[in-house]
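**Q** Make a model of this:
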Amino acid sequence: VVSRLLDLGLTGRQIATSLLLVVAQRLVRRLCPHCRKPVAPTPAQARHFVHYQLPVPTTLHTPGGCAQCGGQGERGVAAIFELLHPAASDDLTDAIGRASRHTFNETTLRKRWLALGGSSLVREALLLAGAGEISYAEVLKFERLPPFPDD
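**A** Numbering: from 1, shown residues only. Sure thing, here's the model as predicted:
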């Protein structure tokens, strides 16, 4: 959002003083609780959880297929949210205020937000996968570049 607003010609200061909250939402397919299949996480999947400072689950789940879900292995959807609240930190507000089209770095802002306790779509999806609500394949839909190759 910040980079797009900069592209539209707003200054970093205008954005910093006006932006209250940014919300990103995605819908993910929820696994059928009647037929989901437990699988052990691969080493690469375990590293993915550790990368986001989450406990590695003992099992993940994959879609099965039963009469309850029409053989699809999935039933319904869950929403995943990512919030950015720049006013929560003077550091974030200052970083946005100093931004320009040429100097703004989304990755740096995201890292600052995560260090302050913010979350991301990937982290929220990993939490659902660890709870057996969604498959790990759904998590990878939000990861631009998976941090680890599959072992």
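**Q** just for the chain, where's the confidence low?
**A** 144-151 (pLDDT under 70).
**Q** any idea which residue sits dead centre in it?
**A** Leu121 (1.5 Å; C-alpha atoms, centre = their mean).
**Q** what's that residue in contact with, if anything?
**A** Contacts for Leu121 (C-beta atoms under 8 Å, 6 or more residues apart in numbering) come out as Ala24, Arg26, Ile80, Phe81, Glu82, Phe142. Every residue, glycine included, has its C-beta placed from N, CA and C.
**Q** quick one: it and Glu143, what's the gap?
**A** Separation of Leu121 from Glu143 (C-beta to C-beta, to the nearest Å) stands at 9 Å.
**Q** Val23 too?
**A** In this view, Val23 and Glu143 are 19 Å apart by C-beta to C-beta.
**Q** what's the neighbour count on the residue nearest to Glu106 when sequence neighbours are not counted?
**A** Closest residue to Glu106 apart from its sequence neighbours, by C-beta to C-beta, 6 or more residues apart in numbering: Ser3 at 5.7 Å. Close neighbours of Ser3, defined as other C-beta atoms under 10 Å, add up to 14.
**Q** Please identify which helix or strand holds Ser3.
**A** Using DSSP states H and E, Ser3 sits within helix 2-7.
**Q** so what secondary structure elements neighbour that helix?
**A** helix 12-18, helix 106-115 (3 or more C-beta pairs under 8 Å, 6 or more residues apart in numbering; DSSP states H and E).
**Q** Can you tell me which of those helices is nearest to Ala125?
**A** Minimum separation from Ala125 across these (C-beta to C-beta) falls at helix 106-115, 14.6 Å.
**Q** Can you tell me the SS state at Val77?
**A** With DSSP: H, G, I helix; E, B strand; the rest coil as the basis, Val77 sits in strand.
**Q** Contact partners for Arg112?
**A** Ser89, Asp91, Leu92, Ala95.
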